[in-house]
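**Student:** build me a model from this:
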Amino acid sequence: MIQISLQDFCNRMVAKGAISHDDVRELARTVLPDGLMCREEADMLLGLDRAVPEADPDFSDFLVACVVDFAVWGTRPTGRIDADTARWLAASLSCGTGPTRTGARIAVEVVREAQTTDPDFVAFALRLNGRRAGAEEPDVPVALAA
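**Tutor:** Numbers count the residues shown, from 1 in each chain. Model (predicted):
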């Protein structure tokens with residue numbers, strides 16, 4: 001169940017078109033002082049990440065920490081990303097168009113934090129990490145690229 005205050009917070013940020021450092025502090029201290037409690041809350045914040053690209057870097061850090069903590073330690077079996085959690089997380093991070101930069105960070109950090117991870121999610125995270133690092137660009141000799 002999504003807390004009304006989280007929905008209000010997200011609505012205000014979308015209307016404002018930006019997320020400031022003070023907004024992130026409000027989110028952490030007032031709206032979600034105990035972190036994420038359900039997938040719907042995580043989905044709402046991931047949607048906010050997509051909807052408001054002009055956000056203080058603290059929002060990205062907060063979102064990564066919250067989603068990783070929830071996915072790895074807040075769901076059963078704790079410390080493990082099973083197939084069900086992996087499917088939800090990959091779908092939520094991708095949202096049909098592919099993850100945001102923050103979403104890619106979340107995938108990689110989930111794999112790092114979890115004791116065991118569904119192999120398909122590990123492959124998903126590795127692909128995202130490769131894209132972030134530019135590994136999917138074609139191999140072109142330096143002399144030809146100039």
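
**Student:** strands of this protein, start to end?
**Tutor:** Along the chain, counting by DSSP state E, strands occupy 80-81, 116-117.

**Student:** low-confidence stretches in this structure?
**Tutor:** Scanning the chain for pLDDT under 70 picks out 1-3, 132-146.

**Student:** gap between the residue nearest the centre of the chain and residue 40?
**Tutor:** Taking CA atoms, centre = their mean, the centroid of the chain lies closest to residue 103, which sits 3.7 Å from it. Between residue 103 and residue 40 the computed distance is 17 Å (CB to CB, to the nearest Å). (Each C-beta comes from the backbone N, C-alpha and C, glycine too.)

**Student:** then residue 78?
**Tutor:** Residue 78 sits 20 Å away from residue 40, going by CB to CB.

**Student:** verify the stated contact: residue 128 with residue 107.
**Tutor:** Yes - at 5.1 Å, residue 128 counts as touching residue 107 under the criterion of CB atoms under 8 Å.

**Student:** name the residue in those two with the higher neighbour count.
**Tutor:** Shown here are residue 128 and residue 107; by other CB atoms under 10 Å, residue 107 has more neighbours (28 against 23).

**Student:** coming back round to it: among the strands of the chain, which comes closest to residue 16?
**Tutor:** Residue 16 lies closest to strand 80-81 among those, at 33.7 Å (CB to CB).

**Student:** the nearest residue to residue 99 once chain neighbours are set aside: neighbour count?
**Tutor:** Counting by CB to CB, 6 or more residues apart in numbering, residue 93 is the residue found nearest to residue 99 once chain neighbours are left out, at 4.4 Å. Close neighbours of residue 93, defined as other CB under 10 Å, add up to 26.
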